[in-house]
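> fold the following for me, if possible:
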Amino acid sequence: MTQQERSAPSSVPAPASADGEPHRTSTVEHGAFCLARCTCGWRGPARRARSLARADAERHTHD
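Below you'll find the predicted structure:
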């Protein structure tokens, strides 16, 4: 992992996906941008505010 790409796990409890595995979200930084991603393959849009990326992750786990 490079210095530009850092990942932080989310503390949001996640419901199980169709295969029974829980969604695990994290945020990843790419330069000045941050995006949310999930173990199911979902990725949120790049955001300048970490709080918005975390909100994207939270919305994903509740969908």
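
> ignoring the adjacent residues along the chain, who's closest to Thr39?
If the residues on either side of it in the chain are set aside, Thr39 comes closest to Arg24, at 4.5 Å by C-beta to C-beta, 6 or more residues apart in numbering. Where you see a C-beta, it was placed from the backbone N, CA and C, and this is true even at glycine.

> can you get me a residue count around the one you found?
Other residues near Arg24 come to 16 when the count uses other C-beta atoms under 10 Å.

> what's the answer for Ala49, then?
Other residues within reach of Ala49 by the criterion other C-beta under 10 Å amount to 10.

> go on, Thr39?
Under the neighbour criterion other C-beta under 10 Å, Thr39 is assigned a count of 13.

> and what of Ala36?
26.

> need the three-state assignment for it.
Going by DSSP: H, G, I helix; E, B strand; the rest coil, the secondary structure assigned to Ala36 is strand.

> dig out what it forms beta bridges with.
Thr27 (DSSP bridges).

> so who does it touch?
Applying C-beta atoms under 8 Å, 6 or more residues apart in numbering, we find Ala36 in contact with 10, 25-28, 43-44, 53-54, 56-57, 60.

> kindly reformat those residues as TSV containing distance to Arg37 and neighbour count.
Conversion of the contacts of Ala36 to TSV gives the following (distance: C-beta to C-beta, whole Å; neighbours: other C-beta atoms under 10 Å):
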residue	distance to Arg37	neighbour count
Ser10	10	20
Thr25	7	26
Ser26	6	17
Thr27	8	22
Val28	6	19
Arg43	5	12
Gly44	7	21
Ala53	9	26
Arg54	12	21
Asp56	10	21
Ala57	8	25
His60	9	20
